[in-house]
Every structure is written in structure tokens, then in C-alpha cells.
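Engineer: Sequence first, then the predicted structure:
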Number of protein chains: 2
Amino acid sequence: MTKQPNRPAVVLLSGGLDSATCLAVAKSQGFAAHAISFRYGQRHTDELDCAIRVAQSLAATSHRIVDINLAQFGGSALTDASIEVPKHESVDTLGETIPVTYVPARNTVFLSLALAFAETIGSNDLFIGVNALDYSGYPDCRPSFIAAFEAMANLATKAGVEGHRLTIHTPLIDKTKAQTIATGLSLGVDYSQTLSCYDPGEQGKPCGHCDACLLRQKGFRENGLDDPSSQPE
Amino acid sequence: MTKQPNRPAVVLLSGGLDSATCLAVAKSQGFAAHAISFRYGQRHTDELDCAIRVAQSLAATSHRIVDINLAQFGGSALTDASIEVPKHESVDTLGETIPVTYVPARNTVFLSLALAFAETIGSNDLFIGVNALDYSGYPDCRPSFIAAFEAMANLATKAGVEGHRLTIHTPLIDKTKAQTIATGLSLGVDYSQTLSCYDPGEQGKPCGHCDACLLRQKGFRENGLDDPSSQPE
């Protein structure tokens, strides 16, 4: 991709492995990367602490945390402490249906708010670290969803009316977790600063058995590496 | 349209004339209408008081107000008191460009949150009172935007994956303001409870000269009626 010197981009940053890599990719392409995170009623906010550290160490142009309480709607183990996060013995036993950790319309809401922010800073580039391999089976991570969101976004805003083309960048969408990690390492991402676990214990220690932990472990293993983050409890 | 007895629908309710009419239409079609309003950093919250009254008098099945601060992004006269709301002498001098009262990506954000709520209550029907005639020229009120949002929403959620079809209902999209008012009156809407003004004075009195006031006045005039809401200052 051509370098985009100082062109502003908005990067969704959760504090997990994928979004940290995505921020590094946006930076490597020359974008002035404005990171946006969400305090959405998630069961733990350790990942927001990670997002702050990652935004600093990767030198994001700006970083903001937006409050939007999705827990008020319920319907997900990630926003409702009374619903248990499923645990598995190994990555081979992950389910094939949409898991209870799916948060209704989360990426739609996050991308919409990123779009609002992008419009006010004159940005036509959004980055989101979704991937369609080694993922939890959420509907709003699929390439067809991203394409439809992009089409909608191009009709939603003043920029669209004025003929500017908005692009949703998904640099990780076709990568395995191992390939994502390899990309991030080559760009200097410090994965010890990231947290992927859906259900961390005290001091943000990963549980080691949720979908996100198992996929992450597999990714490091395939690179012949140990996960540099805190070891599971 | 066939009656939909007790099927749940989510209705965006601002407290203005259009959304009140839209709620009445959803009810008349037999839907169990769950109203949703937004405290988004608008310059006045008089319209939220109206939304509460309208939801009660039209017997919405439920009504919730969701906090999402769009003022933090700026870029609109409706969320930034330092930007003046344009005033006109008559409806004939309204501009043809997108006005400064446009709030970046507002309908995208509101529909996304309505979608999240809809998914958790098992609703596949959203109602929004946009119209493409007698409107302020916002990009996110156009039929092409609504169609693109619907296409995206059908890929975004668990319901979409499971084959349920989500519909965005826009019963007012082809109506003039006069036709909207006639529809609402036939369904018992009490327009004295609604507020359309972008810049009301004390006690929620409409300014009488913003786009919304002028379009509303024209609508009542064409029905041979006086606007039953507070008279302009």
C-alpha cells in the first residue's frame, strides 16, 4: 500500500492483540492514527488500561475513550457477570455456533461512533482489527459485514455526499492469529502490553481457557514463542 | 400492511413531530412498540421531556433514554452552543447544502444502538421517522442510506446469521410534513406534546425561524391548522 503521510485515520483499539497490531499497521502505512476505545460495560476494564499503554507505546496521534453502556441492553457474557464465559480444554473444542460472549451489535455501534469521530476530524479511513480466521464466530467480524458497513458509511455522512470515499481497512481479516502476531512483531508491537482474555483474574491475568486465550496461545505457539503477557492463573 | 399483534418493534423517538407520528404508526400496525431516545449532548433537552410525554400518551410498551455523548466529537450546531443555528424568514429561503445543524453520523449511531437493543429483545423491526421531503437535507435521512443500513444490519447480528430478516420501517419517508401531520392526527397524536425546534427558548418555546420550525409551520398551515405547540417567542 502507498504511504499516506499524515493522513488522519481512526483506529479501533480494544487493548487486545488484534487491535494493537492494527494500530501498528496503520502507523506503518504513514497514517496519523487516532485511536478510539470504548468503556461499554465490559466485565473488566483491564483491557482499557492495556489500550492506554498500547496507544502510548505505538505513538498514536491521539487516543480517546468513549462511554457507551451496552450492558444496559444485556444479552452477552461480556457485559453480564451472571452469564459465565465458556471455558475449553483446547482450541480444538471451540464451538461452531455464535458464543454467548457475542455482544449484540457491538462492532456496528463501535464503527458508527468511530465514523462520527472520523467525520469531525476529516478522516476517510477507519481501521478495525477483525479477522475471519482463528476468531470466535461473531457475525460482525465477517468480511460481508465490513463491506456492507462501508457501503452504508459512504451514504451516511457529509463526506459521502461530497464524493469523498470512506474506506474501512481490515489489514488482519485474512490472517491467522500466528500471521497477525508475526506482522505485529515485525512492526515492534509489545504484546506484553495487550490483553485478549474474556475473563481475566486479578491484576488482569488471563484465564487461559476462554476462546480468546486459546486462540492467542495457538498463535504464539505457531511462531515458536511464549506469550509474553502475564501467564494464566 | 398486515397487523403485527404484539410483535416487538423498536421506535426511535426524539420528541419531535415526525418520531411521534412514527410511534403512532407502529402502534396502529399492531406492534408492541419499544421507544428509544438519546441524551446525546443536544443543546437542549426539552425534546427529551417531550419524548417522555409522547411515549406515555401513545402507550409505548417501554421507553428508554440512552446516554451517548456525541458533543465530544463536535462538528454540529446541535451539539455545540458556540455554533449558531441558522434562522430564516420563510421556508422558501432554506438552503440547499447540508446545514450546520447536521450532527455527524447521528442516525447511524442511533440506529446502531436501536439495533443492539432490538437484538436483545428479539425484535426484527426498527422504526425511524425520517423523511426525504420537507427535511433539512441531512445525508442520513435519504432512502439510499436507510436501505444500506438495513442491508448492513442484516449481516451484523445473530438474527441475520440465523436467517431472520430485519426491517427498517420508514413510514414517513415519502410524505410531506402536511401528510405526516394528517396521518398523526388520524391516529390521535397530540402534537402539543412534541417539539421540533432546533433552538428553543425558555420553557421549550420554539424559535419560529429555524429549518425545523419553518417546515413544521408549513405542515400545519397546509392542513388549515394552527400548530398546537407553544407559540414562537
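Structural biologist: Great, that's in hand. Remember, predicted model here, so these are calculated numbers, not experimental data.
Engineer: so which helix or strand takes in residue A:218?
Structural biologist: Using DSSP states H and E, residue A:218 sits in helix A:211-222.
Engineer: so what's the nearest residue to residue A:175 once chain neighbours are set aside up against?
Structural biologist: Closest residue in space to residue A:175, ignoring its immediate chain neighbours: residue A:131 at 5.9 Å, by Cβ to Cβ, 6 or more residues apart in numbering or on different chains. For the C-beta atoms, the positions are set from N, CA and C on the backbone; glycine is no exception. By Cβ atoms under 8 Å, 6 or more residues apart in numbering or on different chains, the contact list for residue A:131 reads A:18, A:141, A:170, A:172, A:173, A:174, A:175, A:177, A:180.
Engineer: what about the least confident helix or strand in chain A by mean pLDDT and chain B, any contact?
Structural biologist: When the helices and strands of chain A are scored by mean pLDDT, DSSP states H and E, helix A:158-161 comes last with a mean of 80. Yes: judged by Cβ under 8 Å from any Cβ of the partner chain, helix A:158-161 comes into contact with chain B at A:158, A:160, A:161.
Engineer: sec struct for the closest residue to the second one other than its chain neighbours, please.
Structural biologist: Ranked by Cβ to Cβ, 6+ apart and with sequence neighbours excluded, the top spatial neighbour of residue A:160 is residue A:154, at 4.5 Å. For residue A:154, the reduced secondary structure class is helix; criterion used: DSSP: H, G, I helix; E, B strand; the rest coil.
Engineer: can you give me the strands in chain A?
Structural biologist: In chain A, the strands defined using DSSP state E lie at A:8-12, A:32-39, A:62-67, A:125-127, A:167-169.
Engineer: could you dump the first one to CSV, C-alpha only?
Structural biologist: Just to be clear, that refers to strand A:8-12. These are the backbone C-alpha positions of strand A:8-12, laid out as CSV (Å, rounded to 0.1, in the frame of the first residue of the first chain):
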residue,chain,number,x,y,z
PRO,A,8,-5.7,11.0,9.5
ALA,A,9,-7.2,7.6,10.3
VAL,A,10,-9.3,6.4,13.1
VAL,A,11,-8.3,3.0,14.7
LEU,A,12,-10.5,1.0,16.9
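Engineer: Report the contact partners of residue A:85.
Structural biologist: By Cβ under 8 Å, 6+ apart, the contact set of residue A:85 is A:77, A:78, A:100, A:101, A:198, A:199, A:207, A:210.
Engineer: and the gap between the last one and residue A:91?
Structural biologist: Computed with Cβ to Cβ, to the nearest Å, the distance linking residue A:210 and residue A:91 is 11 Å.
Engineer: for the first one, same thing?
Structural biologist: Taken as Cβ to Cβ, the spacing of residue A:77 relative to residue A:91 amounts to 19 Å.
Engineer: who has more neighbours, the two?
Structural biologist: residue A:77 (20 against 17; other Cβ atoms under 10 Å in any protein chain shown).
Engineer: State the number of residues packed around the nearest residue to residue A:107 once chain neighbours are set aside.
Structural biologist: Leaving aside its sequence neighbours, residue A:107 sits nearest to residue A:140 (Cβ to Cβ, 6+ apart; 3.7 Å). Neighbourhood size, residue A:140 [other Cβ under 10 Å]: 26.
Engineer: same thing with residue A:18?
Structural biologist: Applying other Cβ under 10 Å, I find that residue A:18 has 30 neighbouring residues.
Engineer: now do residue A:56
Structural biologist: Neighbours of residue A:56 under the rule other Cβ under 10 Å: 12.
Engineer: which ones are touching it?
Structural biologist: residue A:63.
Engineer: Check the gap between it and residue A:192 for me.
Structural biologist: Per Cβ to Cβ, residue A:56 is found 14 Å from residue A:192.
Engineer: Same question for residue A:157.
Structural biologist: Using Cβ to Cβ, residue A:157 is found at 38 Å from residue A:192.
Engineer: of the two, who's got more company?
Structural biologist: Ranked by neighbour count (other Cβ under 10 Å), residue A:157 and residue A:192 place residue A:157 first, with 25 against 12.
Engineer: If you drop the residues flanking it in sequence, what lies closest to the more buried one?
Structural biologist: Spatial nearest neighbour of residue A:157, chain neighbours left out: residue A:119 (4.9 Å); criterion: Cβ to Cβ, 6+ apart.
Engineer: per-residue confidence at the one you found?
Structural biologist: Confidence at residue A:119, expressed as pLDDT, is 93.
Engineer: Counting neighbours, what do you get for it?
Structural biologist: Residue A:119 has 27 neighbouring residues, counting by other Cβ under 10 Å.
Engineer: Repeat that for residue A:8.
Structural biologist: Per other Cβ under 10 Å, the neighbour tally for residue A:8 reads 17.
Engineer: can you pull the contacts of the nearest residue to it once chain neighbours are set aside?
Structural biologist: For residue A:8, ignoring the flanking residues on the chain, the nearest one in space by Cβ to Cβ, 6+ apart is residue A:123 at 4.1 Å. Residue A:123 makes contact with A:7, A:8, A:9, A:10, A:34, A:117, according to Cβ under 8 Å, 6+ apart.
Engineer: Would you point out the most distant pair within those residues?
Structural biologist: For the contacts of residue A:123, the farthest-apart pair by Cβ to Cβ is A:7 and A:117; their separation is 15.3 Å.
Engineer: So for the two, which sits in the more crowded spot?
Structural biologist: residue A:117 (24 against 14).
Engineer: Read off the pLDDT value for the nearest residue to residue A:89 once chain neighbours are set aside.
Structural biologist: Nearest residue to residue A:89 in three dimensions, chain neighbours excluded: residue A:209, at 7.3 Å (Cβ to Cβ, 6+ apart). Note on residue A:209: pLDDT of 91.
Engineer: Dump the least confident helix or strand of chain A to CSV, restricted to CA.
Structural biologist: The C-alpha coordinates for helix A:158-161 follow below in CSV (Å, rounded to 0.1, in the frame of the first residue of the first chain):
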residue,chain,number,x,y,z
LYS,A,158,-21.4,14.7,4.5
ALA,A,159,-18.1,13.3,3.1
GLY,A,160,-20.1,10.7,1.2
VAL,A,161,-22.4,13.3,-0.3
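Engineer: tell me what it is packed against?
Structural biologist: With contacts defined as 3 or more Cβ pairs under 8 Å, 6 or more residues apart in numbering or on different chains; DSSP states H and E, helix A:158-161 has no helix or strand neighbours.
Engineer: Quick check: closest non-adjacent residue to residue A:21.
Structural biologist: In space, residue A:21 is closest to residue A:184, 3.8 Å off (Cβ to Cβ, 6+ apart).
Engineer: what number of residues lie near the residue nearest to residue A:160?
Structural biologist: If you count neighbours by other Cβ under 10 Å, residue A:154 ends up with 22.
Engineer: cool, and residue A:30?
Structural biologist: Residues contacting residue A:30 under the criterion other Cβ under 10 Å number 15.
Engineer: Could you do the one 5 residues further on as well?
Structural biologist: Here the number of neighbours of residue A:35 (other Cβ under 10 Å) works out to 27.
Engineer: how close does the closest residue to residue A:133 other than its chain neighbours get to residue A:144?
Structural biologist: Spatial nearest neighbour of residue A:133, chain neighbours left out: residue A:176 (5.2 Å); criterion: Cβ to Cβ, 6+ apart. According to Cβ to Cβ, residue A:176 stands 20 Å off from residue A:144.
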